[in-house]
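**Q** pasting a predicted model and its sequence here:
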Amino acid sequence: MKSRIRQDAIVRTLRRAGTTTIESLVREVGASRSTILRDLSALRDEGYVIHAEQGRGGGLSLDPGSVQATARLSVAEVFALIIGVSSMRAARALPFFGLADSGLAKIEKALPPDKLRDVRRLLDCLYVGRLAPQVDISDLGEMDRALLPAFECAFLERLCLRFRYRDAKGTLTERTVEPQAMLILPPLWYLVAWDPARQGFRHFRMDRISRPEVIEGSAFRSRRVRFEDGAQPVRYA
């Protein structure tokens, strides 16, 4: 039995039984005592609170409020949570934002080191500000769900991105760019990229981007992006 399946079985048994013993888990899961002990340690590392009471009448029990909060969250999922909170806060539409920030900070701290490194690298590319009142948002559309996974790869690996772009007049073009930053001006989200064909930075509204494709072997150098006053980098503990 794979470790993830075995650990899920341990959690189900603890929830169902209330209190159990190592020996019972050995029989229930079909693994050795040493394997069960390693699994319990791994579950604690993931955030589960498992109490162990020694002596007669003791045993193992799972805290009723204990949940696994981070181990299965992907980098893209954690980043999506952060940019969602950041966007709502910038729009001043997020009550209790202090608790939201605190919760996100705890999620970050509990991430495995490799995921935490990637999340923070993505955060270095994220800026948030306020949209000028004169900007027309009457044609605001939905964003392609493939964007965030494509952004994750393009930003972390520094690879070019190819996509179709529909401009304000409805004209479709194919663009190949070097992604440099993401800018959130609620309710509009922009990809800020260097456009080699035009030798300059361009802001692409994300709801106008479709069919994003990361181009393998197209590494590029990072460029410093200058934003207008008011756009600030996102930072979490």
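**A** Yes, it's here.
**Q** in the least confident helix or strand in the chain by mean pLDDT, what counts as buried?
**A** When each helix and strand of the chain is scored by mean pLDDT, DSSP states H and E, helix 97-110 comes last, with a mean of 71. Going by neighbour count (16 or more other Cβ atoms under 10 Å), the buried part of helix 97-110 is Ala100, Asp101, Leu104, Ile107, Glu108, Ala110. Where you see a C-beta, it was placed from the backbone N, CA and C, and this is true even at glycine.
**Q** quick check: nearest residue in space to Leu172, chain neighbours excluded?
**A** The shortest distance from Leu172 to any non-neighbouring residue, by Cβ to Cβ, 6 or more residues apart in numbering, is to Arg166 (5.4 Å).
**Q** give me the neighbour count for Asp63.
**A** Asp63 has 11 neighbours, counted by other Cβ atoms under 10 Å.
**Q** find the nearest non-adjacent residue to it, please.
**A** Ranked by Cβ to Cβ, 6+ apart and with sequence neighbours excluded, the top spatial neighbour of Asp63 is Val49, at 3.8 Å.
**Q** kindly provide the distance from the one you found to Val29.
**A** Val49 sits 20 Å away from Val29, going by Cβ to Cβ, to the nearest Å.
**Q** for Trp189, same thing?
**A** For Trp189, the distance to Val29 equals 45 Å [Cβ to Cβ].
**Q** re the thing from before, quick one, phi psi at the residue nearest to Asp63?
**A** Dihedral pair for Val49: phi -100, psi 110, per degrees, to the nearest 10.
**Q** for the residue nearest to Leu172, list the residues it contacts.
**A** With contact set as Cβ atoms under 8 Å, 6 or more residues apart in numbering, Arg166 has these partners: Leu172, Arg208, Ser210.
**Q** just to check, the residue nearest to Asp63 is in contact with Pro64?
**A** No: judged on Cβ atoms under 8 Å, Val49 makes no contact with Pro64 at a distance of 9.4 Å.
**Q** of those two, who's got more company?
**A** More neighbours surround Val49 than the other of Val49 and Pro64, with 13 against 8 (other Cβ under 10 Å).
**Q** now do the SS call for Val177.
**A** Per DSSP: H, G, I helix; E, B strand; the rest coil, the secondary structure class of Val177 is strand.
**Q** how close does it get to Val225?
**A** Distance from Val177 to Val225, by Cβ to Cβ: 13 Å.
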